[in-house]
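below are the sequence and a predicted model for it; my questions follow.
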Amino acid sequence: MVLVIHGHPYPRRSRACAALLAAIRDLPDVEVRTLYDLYPDFDIDVQGEQAALERASLIVWLHPLYWYTAPAMMKHWFDVVLLGGWAHGEGGVALKGKEVLWATTTGDVEKYALTGAHAHPFEAFVPVIEQTARYCHMKWLEPFVAHDSHELTDEALAEQAGKFRKRVEGHVEKIAPGLRRGDKQ
């Protein structure tokens with residue numbers, strides 16, 4: 001099963017994350033958990049989230065890049081769900097070997113340069129999220145990044161969504177060969 005942890009603080013105003021979600025919603029064995037809808041008071045059901053993670057073979061962390069990292073709810077989710085003794089530390093092997101795909105959207109890619117507004121390339125901001133996965137013994141996959149998400153034309157955004165779908169579809173095919181949309185399970 002593919003588990004998508006969606007952490008956009010304004011999902012109804014999101015254009016890029018919404019397009020990425022729409023591109024994979026109809027795939028078999030995909031469960032989407034939209035954190036801000038599920039937990040508007042930030043009171044996360046830790047056991048429910050951990051149970052969903054345990055069912056998954058691929059975990060997708062989907063969110064826009066906020067202040068060089070994950071939005072507040074996603075960070076809170078990391079803090080309260082990925083507990084020591086369960087996800088890391090002594091005895092913490094619940095996520096060991098599970099694949100994680102970080103899917104994120106950004107603004108102007110040209111600002112991610114030494115001479116840009118952010119004074120660093122985008123790759124400088126990857127290690128925090130990557131190390132979160134690695135610390136939990138997860139297999140880090142090459143991130144999916146949709147740069148320039150505010151400026152993308154509808155056609156370019158559809159192309160990005162198609163590429164994202166192919167990434168997730170490839171995993172679905174790997175875990176359940178022959179399972180396609182509409183096939184009986």
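That came through fine. Numbering: from 1, shown residues only.

I'd like to know how far Ala23 sits from Ala158.
8 Å (CB to CB, to the nearest Å). For the C-beta atoms, the positions are set from N, CA and C on the backbone; glycine is no exception.

right, I mislabeled it, should have said Arg12
Separation of Arg12 from Ala158 (CB to CB): 20 Å.

between the two, which is the more surrounded one?
Ala158 (14 against 8; other CB atoms under 10 Å).

show me the shaky parts of the protein.
Along the chain, the parts satisfying pLDDT under 70 run over 177-185.

centroid-nearest residue for it?
Trp61 (1.6 Å; CA atoms, centre = their mean).

that one and Arg33: what is the separation?
Distance of Trp61 to Arg33, computed by CB to CB: 11 Å.

find the residues that touch each one of those two.
Residues touching both Trp61 and Arg33 (CB atoms under 8 Å, 6 or more residues apart in numbering): Ile5.

from the contact counts, what lies against the helix ranked longest in the chain?
Secondary structure assigned by DSSP state H gives helix 154-175 as the longest helix of the chain. Using 3 or more CB pairs under 8 Å, 6 or more residues apart in numbering; DSSP states H and E as the contact test, the elements touching helix 154-175 are strand 2-6, helix 16-24, strand 58-64, strand 99-105, strand 144-146.
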